[in-house]
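Chemist: Structure for this input, please:
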Amino acid sequence: MLAGLFFVGLGIVGAFLPVMPSTVFFIIAAIFFARSNPAWEAKIMNHPRIGPPIRAFRERGVITRTAKIAAVTAMTISSVISAFLLHGWWRFAPAGVCALCAIFILTRPSE
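Modeler: Residues are numbered from 1 along each chain as shown. Take a look at the predicted model:
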């Protein structure tokens with residue numbers, strides 16, 4: 001349950017910061033709440049704003065086209081910034097992680 005609360009907190013922060021993917025954190029929170037507190041899982045799943053994309057992903061593995069564009073754009077921008085700010089081989093680590101995440105996102109079906 002603590003892990004679910006932690007990810008809800010990250011999701012709330014992500015709703016206000018453009019570089020954090022709030023929906024991903026709410027999906028993870030719902031997974032943790034499914035086992036520890038089904039009532040809280042239901043609150044997330046039935047929320048009018050965050051519930052529909054979470055239900056679509058859990059039920060059909062769907063990520064909307066708009067969400068895909070936003071996610072890949074944010075990852076690209078953060079990778080470029082990291083390449084300029086970091087030194088040594090570390091400068092390419094964020095881009096590698098983002099590339100793997102982008103592959104996952106782009107291979108999911110769209111609505």
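
Chemist: Which positions within the biggest helix by length in the chain qualify as buried?
Modeler: The single longest helix within the chain, with elements called by DSSP state H, is helix 65-85. By neighbour count on 16 or more other C-beta atoms under 10 Å, the buried set for helix 65-85 is 67, 71, 72, 75, 79, 82. In this view, the C-beta of every residue, glycine as well, is placed from N, C-alpha and C.

Chemist: pLDDT for those - can I get that in JSON lines?
Modeler: Listed next are the buried residues of helix 65-85 as JSON lines, based on pLDDT from 0 to 100:
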{"residue": "67", "pLDDT": "88"}
{"residue": "71", "pLDDT": "88"}
{"residue": "72", "pLDDT": "92"}
{"residue": "75", "pLDDT": "90"}
{"residue": "79", "pLDDT": "92"}
{"residue": "82", "pLDDT": "91"}
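
Chemist: which one of these is nearest residue 57?
Modeler: The shortest approach to residue 57 among those belongs to residue 67, at 9.4 Å (C-beta to C-beta).

Chemist: Correct me if wrong: that closest one contacts residue 23.
Modeler: Yes. With contacts counted by C-beta atoms under 8 Å, residue 67 reaches residue 23, the gap being 6.9 Å.

Chemist: what's the overlap in contacts for the two?
Modeler: residue 53 (C-beta atoms under 8 Å, 6 or more residues apart in numbering).

Chemist: Residues in contact with the longest helix of the chain: which ones?
Modeler: 18-19, 21, 23, 53, 63, 91-95, 98-99, 101-102, 105-106, 108, 110-111.

Chemist: OK, contacts around the closest residue to residue 34 other than its chain neighbours?
Modeler: Nearest non-adjacent residue to residue 34, counting by C-beta to C-beta, 6 or more residues apart in numbering: residue 41, 4.8 Å away. Residues near residue 41 by C-beta under 8 Å, 6+ apart: 30, 33, 34.

Chemist: Check which helices and strands the helix or strand where residue 31 lies sits against.
Modeler: Secondary structure from DSSP states H and E places residue 31 in helix 22-36. If you count contacts as 3 or more C-beta pairs under 8 Å, 6 or more residues apart in numbering; DSSP states H and E, helix 22-36 packs onto helix 2-16, helix 38-45, helix 51-60.
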